[in-house]
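# what would the 3D arrangement of this be:
(one chain, ligands or ions: 2)
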Amino acid sequence: MMEIKEGYIMKAFKDSILHLITETSTNLPPDVRRAIQSATNREDAGTRSALALGTITDNIRTAEENVSPICQDTGMPTFILHVPVGANQIKMTQAIHEAISIATKQGKLRPNSVDSLTGENTGDNLGTGTPVIHFHQWEKDEIDARLILKGGGCENKNIQYSLPCELEGLGRAGRDLDGIRKCILHAVYQAQGQGCSAGFIGVGVGGDRTTGYELAKDQLFRSVDDQNPNESLAELEAYIVEKANTLGIGTMGFGGNTTLLGCKIGSMNRLPASFFVSVAYNCWAFRRQGALIHPETGEIIDWIYRDTSPKGTEEATGNQEKKEVSPTTNREVVLTTPITEEQIRDLKVGDVVIINGLIHTGRDALHKHLMDHNSPADLTDGVIYHCGPVMLKDDQGTWHVKAAGPTTSIREEPYQADIIKKFGIRAVIGKGGMGPKTLAGLQEHGAVYLNAIGGAAQYYAHSVKQVDGVDFMEFGIPEAMWHLQVEGFAAIVTMDSHGNSLHADVDKTSLEKLSLFKDPVFK
Ligand SMILES: O=C(O)C[C@H](O)C(=O)O
Ligand code: SF4
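Ligands and ions are numbered 1, 2, ... in the order given. I've put the predicted structure just below:
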């Protein structure tokens, strides 16, 4: 009898976790939406950042309406559960694993768990170390289950400082509150737009290298508009948000008035010899939700991050209409693939390009592979898209794109210029920009780098009209080479074929602005 009851509760618990996963992946919490809305309000009309924020706002709404992933990158699903004493954590773990696998089959999560040695994708988001589940016991009756889906691009921008240290632009950071201040400002600067700014940061002061990062990530579970109970840290949080927003990095690193949407700092004791400041950077697609679950029915009693005030996107949409980008500031150029060198040479940094026709996805595994193999598709005068989409196959065997935003391009920096040359590529679409080697390659060959809006996975999925085919499925869904027919795919030229790079410019000016914060502020 007891077994049957337990089985019933576990099924309900699994369904509740599935609901939590779906909500987290598709429905941005209200505090995050409000932060994005205020960024939209602050941005000047007609700027590239305003355009990006308009797309982001649109994307957030579409994801919720269609119950589809906000961003294609599921990230590392990380659960934190508080459970009553005596709760069966082994059975709960099994239920969470089942829910993860179902959510993946339903296209709410991208298969994201990759064997680090063989490169094999497990296909269901289960594997050694994934998902991450932390259990804590407490003396309350209910289960508090929270989930964060933090993407790989922003995870790569996490950074850990060991004080004292020397920081570019800021000089010496000592073992005190002012040293901590410098590290955090530097953390925002070094992320540039690559973690899909405007971002949120969680900071862990103290601990060891492992617990410091854990504490930093824990801070991301705090509500964006809460108040730090520690007065010094509350003051530092407010200072960081204010000053980081003067760095001019802006949305996607396009330049602009908002670079940081929130900063939460926690502190813990450290060893006398160690003084770590660990920073967890989260993109604007700050997917975190939580649910209170009844221990005897397994059903959701309440949601944790929901509130009754407006979510923000509706108002932000109104604002977006007000701030429609004027065509005089951003020239719009429509290009149909294949693209000629002449068309590419005509493009300048700042132009908005609308692409129609066939494009090919390719990211880490493909770039490495193409260095010493042929391409199965003709890439001459073609477009390569740094993207690992969420794909679902229907009963007829046809593939459908469920989410398809860009991935961080800088990882392809060692390969990109060679690949452009070898295959005669004319445009590379990605996000976050690329380095000097690629810039030289673009100039030499006659190609451009187009920055798509990171995280706008629904927006770009809707521009795909047909999936023409796929190669390298053995690389796994995100790394395979998908051949996509697109219509109205919009991106901004941020590196042109004349040696100009918006990314290099923003990096330089933001470093100059960072150095204005060199002098001590906190004693
Ligand atoms: O893996 C991805 O699709 C994107 C990643 O989150 C990134 O920001 O680069
Ligand atoms: S693509 Fe951007 S929005 Fe998506 S997970 Fe990566 S950093 Fe976040």
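
# CA atoms for contacts and neighbours, from now on please.
OK.

# who in the stretch 301-450 of the chain is up against ligand 1?
Residues of the stretch 301-450 of the chain lying near ligand 1 by C-alpha under 6 Å from any ligand atom: Cys387, Gly388, Thr407, Thr408.

# my guess is Gly227 contacts Ala234. True?
One thing to correct before we go on: residue 227 is Gln, not Gly. Yes - if you go by C-alpha atoms under 8 Å, Gln227 and Ala234 touch, sitting 6.6 Å apart.

# Three-state assignment for the closest residue to ligand 1 within the stretch 151-300 of the chain, please.
At 3.0 Å from ligand 1, Gly153 is the closest residue in the stretch 151-300 of the chain, using C-alpha to the nearest ligand atom. Here Gly153 takes the helix state, with states given by DSSP: H, G, I helix; E, B strand; the rest coil.

# residue contacts, it?
Gln194, Gly195, Cys196, Thr407, Thr408 (C-alpha atoms under 8 Å, 6 or more residues apart in numbering).

# now, which of the residues you listed lie close to ligand 2?
Checking the contacts of Gly153 against ligand 2 (C-alpha under 6 Å from any ligand atom), the matches are Gly195, Cys196, Thr407.

# show me what from the stretch 51-200 of the chain comes close to ligand 1.
Residues of the stretch 51-200 of the chain lying near ligand 1 (C-alpha under 6 Å from any ligand atom): Gln72, Asp73, Gly151, Gly152, Gly153, Cys154, Gly195.

# could you dump those residues into a markdown table and include pLDDT?
Output for these, formatted as a markdown table (pLDDT from 0 to 100):
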| residue | pLDDT |
| --- | --- |
| Gln72 | 98 |
| Asp73 | 98 |
| Gly151 | 97 |
| Gly152 | 98 |
| Gly153 | 98 |
| Cys154 | 98 |
| Gly195 | 98 |
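
# can you tell me which of the residues you listed are buried?
Buried subset of these (neighbour count, 16 or more other C-alpha atoms under 10 Å): Gln72, Asp73, Gly151, Gly152, Gly153, Cys154, Gly195.

# isn't the third one right up against Thr78?
Spelled out, that is Gly151. No - using C-alpha under 8 Å, Gly151 and Thr78 do not qualify as a contacting pair, with a distance of 10.9 Å.

# hang on, the earlier thing: inside strands: which ones of the contacts of Gly153?
In this view, the contacts of Gly153 have no member that belongs to strands under DSSP state E.

# okay, domains of the chain per the record?
For the chain, the structural domains run 1-150+293-326, 152-284, 332-507, going by automatic domain parsing.

# the second one: how far from the chain's middle?
Its chain's C-alpha centre lies 16 Å from the corresponding centre of domain 152-284 when counted by C-alpha atoms, centre = their mean, to the nearest Å.

# measure it end to end?
Length of domain 152-284, first residue to last, C-alpha to C-alpha, to the nearest Å: 13 Å.

# one more: stretch 382-400?
Start-to-end, stretch 382-400 (C-alpha to C-alpha) is 22 Å.

# quick one: low-confidence residue ranges for this protein.
Scanning the chain for pLDDT under 70 picks out 1-5, 308-329.

# how long is stretch 126-133 from one end to the other?
First-to-last residue span, stretch 126-133, C-alpha to C-alpha: 12 Å.

# buried ones in it?
Buried residues in stretch 126-133, counted by 16+ other C-alpha under 10 Å: Leu126, Thr130, Pro131, Ile133.

# can I get those residues in TSV with secondary structure?
As requested, these are exported to TSV (three-state DSSP):
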residue	secondary structure
Leu126	coil
Thr130	strand
Pro131	coil
Ile133	strand
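
# related to what we said a few turns ago, separate out the buried members of the contacts of Gly153.
The buried subset of the contacts of Gly153 (16+ other C-alpha under 10 Å) comprises Gln194, Gly195, Cys196, Thr407, Thr408.

# wait, what's in contact with Arg287?
By C-alpha under 8 Å, 6+ apart, the residues touching Arg287 are Thr24, Ser25, Asn27, Leu28, Pro29, Ile148, Leu149, Lys150.

# closest to ligand 1 among those residues?
Within the contacts of Arg287, distances to ligand 1 taken as C-alpha to the nearest ligand atom reach their minimum at Lys150, with 8.0 Å.

# ok, the closest one to ligand 2 distance?
Going from Lys150 to ligand 2 by C-alpha to the nearest ligand atom, to the nearest Å gives 6 Å.

# I'd guessed that residue sits against Ile70; true?
No - contact between Lys150 and Ile70 fails when scored by C-alpha under 8 Å: they sit 11.8 Å apart.

# more neighbours: the two, which one.
Between Lys150 and Ile70, counted using other C-alpha atoms under 10 Å, the more crowded position is Ile70 (33 against 24).

# just checking, that one touches Gly454?
No - judged on C-alpha under 8 Å, Ile70 makes no contact with Gly454 at a distance of 10.5 Å.

# for the stretch 1-150 of the chain, which residues are neighbours of ligand 2?
Cys71, Asp73.
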